[in-house]
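Visitor: could you look at this predicted model? Sequence included:
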Amino acid sequence: MRPTPAFLLLSLLLLAVRPVRADEAPPLLIAHVTPATGRFALHSESDRRGAQMAVDEANADGGVLGRHVVMISRDPGLDPAQAARVARDLILRTHVGFMVGAISSDVAAAMSAVCQHYGVIFINTNSSAPSEAVENAHRTKFVFDANAANYNRTLLKYALDRHASKRVLLLTEDDEWGRSSAQASRPIIAANGGQVVAQIMVPATLSDPTALLAKVEATPAEVVAVNISGDNQIRLFSHIPPRLLQQRSWVVGEVDWEELYPAPGTPRPLFGITWNWTFKTPGTSAFVARYRARYGRTTLPYPGHITRTAYLATKALLEAIRQAGTTNNHAVIRQLEHYKASPADAMQDDAAVMDPVSHHLQQSTYIATWHPRTDHPELGLEVLGHVSPADNVYDRERQTVLEPLSATPQYTP
Amino acid sequence: MNTPRFGLITRIATLVLLIEIAACGLLGLFYVERFSQAELDRLHAQLHLFAQLMAQEDLPLSAVSDAAMLRAFIGAPCEQAMVIGQGGWVIAALDPALLGRSAAGLPGYDPAWAARGGGERFLAWDDHLTYTALLRAGNGAPLYTLRLTVNSAEINHQRLAIVLRGLVLAGLVILLGTLAILLMLRALIARRLEGSLAVLQHIERGDLSRRIAVPVADELGRLQDGINSMTATIGALVGQSRRNEEEITAILDAIADGVLAVGTDGRILRSNPSAARLLGASAEALAARDFATCLPVLADCLPAAWHQAGGDSGDADILVELPRPPDEPRVAEISHAPILDQSGAVLGGVLVLHDITERRKSERRLQDAVERLTVSNTELERFAYVASHDLQEPLRTIVSFTQLLERRWGESLPEEARDYSRFVIDAAKHMRLLITDLLSYSRVNSKSSRQEMLPLEACCEAALRNLHESLQESGGAVTLADLPQVRGDKIQLIQLFQNLIGNALKFRRPGVPPRITVSARRLDDAWQVDVADNGVGIDAEGQDVFEIFNRLHAKQVYPGSGVGLAICKRIVQKHGGAIWYDSQPGQGTIFHVTLPRSGEPG
């Protein structure tokens, strides 16, 4: 019997609409790119865990668009040029669909530029240089962490209000994040009546902070605005003499859990965070429980806000793909530009909203201090205040100019 | 004795070197084996630790993409490193080209292995090691599969280099060690041995006064000390031997007998001047001759006798007439004995030549004199016997006719004539007594005796019966103790006891009844019989009471002929015994008589 044209058409339709099983469809490759070694190694692992949790949850739900999500890990290093080569290699050879991670703002800037070139969406999970959402912002990049400008807006005001004389010394890490954060701090200082009396550039790899502290002591200033991250930050605060710590108001733009937990005996007078596992915010306890079920026996038994942000960002990406119904970059970008996380999703007191102009997630920030406790480091953090997203917007992000979507290459992994 | 090509030290050093090389080789093989296994174990442990850290997620997955870190961690370069997710996709890799690829297509990866539960796999081939581990979360749930391929060539090269370096170093150490041993041996042993040998050469040449210097009292020092002690002992022995030789030579030179030392081959080993003199040759000539030439009559018998004697000395009854021209022949009495070593083997013999030529002459002369004296004595005894026997008849005639003259014409004769007549009769009677005793005395030797075992007690009792009247007259008493049996002539032994007891009765003290005791005691080879009395005793004043006709008292006081004790002495001598006396004048006398015990029943 010869098949009729109608039968053939029906067969093709059935074949087209046949559900594709996750184990049959090609996997959806997401590259997690963070420096695996160096001063951000711990941050990178925290970031990977958060992203992995989101991926695992998506795969547990059957994948995304019927495809198994495979998150591959690639170390881009800390050299922007190398990171750019890695990004290009991931796109052209590995054919990844998306990239998440970075941690280092220099790396994030370099890789996201390559991604923009090829139209690959880059989710900046925890690179918090203000420039990420201004000068280095791209249509294909979405920044999920609060930046130093967001924190310093409140922190510097808090510190300067306590001194009649408002001389400020900037300790600036000589990288994109440090420079960008310091740059963002200056108008805030000025707006609060302060005066930057000096800026000391700190090498990206700070081996011995003794000379640096001598300079600090020699510089007459009431407030020291510290924009130093990672192991450099730990090393600096572990060397500050108590007398010098008391004489100055030390403002640390952002302190990650990964910078507190490994050295619980070092002080952090005043700093900003977006989340802590001790928060009573919606969704936190469930997230912490899921984290500890898998990583509770590891070196980082509790999640920090890096893990939380990576989880939030990766989950947002996968949700955007799912909502777009396609992996096409334009469709996903459009979904992400309208991304809004409920307080339960963001695990904060306020909802978090993606700024479609800067592609920077506007979210709550918290002012905190650290009480050095070596016996129970998880109890060392004290939240001093909460700042709503609307109150910590970085003004310059309003002038961010992204590449037009039309100028962004189509990319459908 | 073989002389080796190399010295002792060189041979020791060579031996040490060979032992060290063998030991080094064995240790090297052992070390290579252990090192290889230890390297594999270490590598396995590092890989296992890497997997553990990754399973605990204390190590980021992207750690596998860091070649430098992998190398630092594992200790060897990784050719391939990857983490395979649960879907079988490579999610982290050293080679970025593998990222996102399905591991199922990778050579050597067995998805079924992970499905079966996985675990750890360690596979080594050529210069490669592949380690595969299924990583599990703390709750046991599978996380990833870790797969690392390590290039072990570098390890192998390092191992080879280490082994080679070790061998070279060991070789150097061995060479230096051997050289050091050589030098130490030379300093500690060889030099001291050479010094010792030099001294020993002097000692060997006879200079026993030399001694080895002993700087250190170690084993060699003790050996050197022992050699010194031995040399001192040998020196003392040699000195003593020389002195002994000199003494022996002096003795041999001094003795009149000839001494010859003869080897089993007949060669004369040694002789003294007397031997040379006896054998009529100089000492030098004697030394060049052999035994058979000197004493041909003994050449065959003596060596055989030495071998048979078993060390006993030979009898001295070998008489040899020594040829000593041009003098008259001389006779030597030869005694001999074998010379034995410590094992008893015969080395030769020693002959002592005693010249008995003169002695034999003297003996011959003495024999002649004895013979002549015997003849003379025999004739004298015969004369005495005959004379005494023949003299009795005229005496009886004189006495008879004198007594007849007195009986017939006694009354008519003047008183003086009658006195003369009594004098003649008394003199004749005394003469007859003398002749009778003399006859008895001579009969002891002239008359053949009959030897038999006799109880002395019976002899004494016979003698006492003969003396019955004297005993009665004197009121004496005789006590006989236990007396033995002896071999002898019965008549003579009765005569012996009769004379001794008769004397005791005769020479009694006035007014003191004689008490006589006859006793006996056993000597080694004889009986001693004692006849003791309580008489007047004997005061001989140098006179021999046993000499015939010798008298100590006037015959008017104690009548007698003076022959009795002479007869006793002759009887005792005839029986092979002896007689003597002990006396205290005025107290008494003990006559001692010994008689041989020969012939006694056992």
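Guide: In hand now; what should we look at?
Visitor: look up how far residue A:257 lies from residue A:381.
Guide: Distance of residue A:381 to residue A:257, given as Cβ to Cβ, to the nearest Å: 8 Å. All C-beta spots, glycine's among them, are computed from the backbone N, C-alpha and C.
Visitor: find the residues that touch each one of these two.
Guide: Both residue A:381 and residue A:257 are contacted by A:273, A:276, under the criterion Cβ atoms under 8 Å, 6 or more residues apart in numbering or on different chains.
Visitor: neighbours around residue A:313, how many?
Guide: When neighbours are counted by other Cβ atoms under 10 Å in any protein chain shown, residue A:313 registers 28.
Visitor: quick one: it from residue A:124, how far?
Guide: 8 Å.
Visitor: name the residues contacting each of these two.
Guide: Contact with both residue A:313 and residue A:124 is made by residues A:142, A:144, according to Cβ under 8 Å, 6+ apart.
Visitor: tell me where the model's unsure across the chain.
Guide: No chain in the question, so chain A it is. Low-confidence segments of chain A (pLDDT under 70): A:1-24.
Visitor: you looked at the wrong chain, it should be chain B
Guide: Ranges of chain B meeting pLDDT under 70: B:1-2, B:309-317, B:323-327, B:446-448, B:599-602.
Visitor: where does residue A:150 land in three-state SS?
Guide: What DSSP: H, G, I helix; E, B strand; the rest coil gives for residue A:150 is helix.
Visitor: would you check that it makes contact with residue A:396?
Guide: No. Applying Cβ atoms under 8 Å as the test, residue A:150 and residue A:396 come out as separate, 11.5 Å apart.
Visitor: quick one: which of these two has more around it?
Guide: residue A:150 (30 against 17).
Visitor: contact residues of the stretch 201-350 of chain A facing chain B?
Guide: Taking Cβ under 8 Å from any Cβ of the partner chain as the criterion, the stretch 201-350 of chain A approaches chain B at residues A:293-299.
Visitor: what's the answer for the stretch 1-150 of chain A, then?
Guide: A:23, A:27, A:29, A:31-32, A:34, A:36-37, A:41, A:44-45, A:48-49, A:59, A:68, A:70-75, A:86, A:89-90, A:93-96.
Visitor: report how many residues lie close to residue 147.
Guide: All of this is about chain A. Residue A:147: 29 neighbours (other Cβ under 10 Å).
Visitor: switch to chain B, that's the one I care about
Guide: 23.
Visitor: could you look up the SS state of residue 92?
Guide: Using chain A. Relying on three-state DSSP, one would call residue A:92 helix.
Visitor: try chain B instead
Guide: strand.
Visitor: looks like it contacts residue B:64 (just checking).
Guide: Yes. Here residue B:92 reaches residue B:64: they are 5.0 Å apart, a contact under Cβ under 8 Å.
Visitor: find the residues that touch each one of the two.
Guide: Shared contacts of residue B:92 and residue B:64, counting by Cβ under 8 Å, 6+ apart, come down to B:82-83.
Visitor: quick one: distance of the helix or strand encompassing residue B:338 to the chain centre.
Guide: Using DSSP states H and E, residue B:338 sits within strand B:330-340. Averaging C-alpha positions (Cα atoms, centre = their mean, to the nearest Å) puts strand B:330-340 25 Å from its chain's average.
Visitor: can you give me the strands in the stretch 201-350 of chain A?
Guide: Shown for the stretch 201-350 of chain A, the strands assigned by DSSP state E, counting those that start in this stretch span residues A:223-227, A:249-252, A:268-273, A:340-341.
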